[in-house]
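K.L.:
Using only what follows, build the 3D model:
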Amino acid sequence: MEHVPNLYELGVSVSRIISLKATLANLKNSSPVLYPTHLKALRIVECSVQSHILYELLDFFPTVEFLKVQVEIVVPPPSTPANFHLYELSMSRTLSTEITTWLLSASHNSLRILELRDLPSAGVCNLLVQYGRQLQSFRAMRYNMNTAKLLEACRNLQELVILGLPTIPTLAVEKLPPTLEHFSLVHRHSDPGMDIADVMVLVTTLSNLKLLTFDHKLKDDPQYELFSDICVKKGIEVQSSVNGSWPNDEPVKVSRFPRKRTTLNFRTMNQDC
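P.N.:
Okay, the predicted model is just below:
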């Protein structure tokens, strides 16, 4: 890392290492400094469920604001409080309530983007509800009663991304925040009983909606032309792709969603380093 002092994002994939404590201690004591001191984004791609690497790296890089944990971790968090402030948290597997509590303990005023690729447990849901009002983007790959409860607490969302419309529980339109500007749906993953009529309800109800992104399955519906006319009259932009897509955006703060991958983000990343 001595060759990348301005590193913005770090992805870690290790399979047989439980701890980096000694390595990080040597780096910390190096003179001159031989590691990036303004790291903003951390991705844990692979590690042992018993690994302490997540905690060690967050302690070593307290400047991290974007955290993506793509693995399951069961080792308890440290007793020392977290000293980093997350803007974005993404979990591919639902971590325990204890771990999630520690990860977010210093982020009560900073968390804006939450991504869940797994169903949240009741305990994690009750915890995340406390952060609902400050969230601007919520992405849920799976949906159940806990997800619905969490979504209801998100009263200031600008973006909602879901992987298909559910039937049990339904996506209650009347409980969605009126602030919603971007709704993204991969309709081919919707439950069989859900059709374009359910999306029409969203379009006609959400007064602030500006952009709707979806996959081509929605265009196969016999009522799509009517749906498209409604969107045009309401000034809602529609964007479709063959299979739809889950957000693959860059870890930068955003003023308007959807956040995209663009060379314009390089300036933001360089300014933050």
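K.L.:
show me what contacts M141?
P.N.:
By CB atoms under 8 Å, 6 or more residues apart in numbering, the residues touching M141 are 116-118, 162-163, 246. Bear in mind the C-beta positions are built from the backbone N, C-alpha and C, glycine included.
K.L.:
Show which residue of this protein lies farthest from the average position.
P.N.:
Residue farthest from the centre of the chain, counting by CA atoms, centre = their mean, is S31 at 36.7 Å.
K.L.:
Could you pull out the strands in the stretch 1-150 of the chain for me?
P.N.:
Here the stretch 1-150 of the chain has its strands, by DSSP state E, counting those that start in this stretch, at 9-13, 41-46, 66-69, 88-91, 113-116, 137-140.
K.L.:
Can you name every helix or strand that the third one contacts?
P.N.:
What that stands for is strand 66-69. Strand 66-69 sits against strand 41-46, strand 88-91, with contacts defined as 3 or more CB pairs under 8 Å, 6 or more residues apart in numbering; DSSP states H and E.
K.L.:
Just name the most buried of the ones you listed.
P.N.:
Among the helices and strands packed on strand 66-69, ranked by average contacts under mean count of other CB atoms under 10 Å, first place goes to strand 88-91 (a mean of 22).
K.L.:
Give the pairing partners of that strand; include direction for each.
P.N.:
Applying DSSP bridges, strand 88-91 is found paired with strand 66-69 (parallel), strand 113-116 (parallel).
K.L.:
still on that earlier bit, closest one to T268 among the helices and strands packed on strand 66-69?
P.N.:
T268 lies closest, by CB to CB, to one member of the helices and strands packed on strand 66-69: strand 41-46, at 11.6 Å.
K.L.:
average pLDDT for stretch 43-53?
P.N.:
What stretch 43-53 shows for mean pLDDT is 93.
K.L.:
Compute the first-to-last residue distance for that stretch.
P.N.:
Using CA to CA, to the nearest Å, one end of stretch 43-53 lies 11 Å from the other.
K.L.:
Also stretch 100-108?
P.N.:
With CA to CA, one end of stretch 100-108 sits 13 Å from the other.
K.L.:
where's the most centrally placed residue in the chain relative to L218, distance?
P.N.:
Ranked by distance to the mean C-alpha position of the chain (CA atoms, centre = their mean), the top residue is E115 at 2.7 Å. Counting by CB to CB, to the nearest Å, the gap from E115 to L218 is 23 Å.
K.L.:
export the helices and strands packed on strand 66-69 to JSON lines and tack on distance to N126?
P.N.:
Below are these laid out as JSON lines (distance: least, CB to CB, whole Å):
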{"stretch": "strand 41-46", "distance to N126": "24"}
{"stretch": "strand 88-91", "distance to N126": "16"}
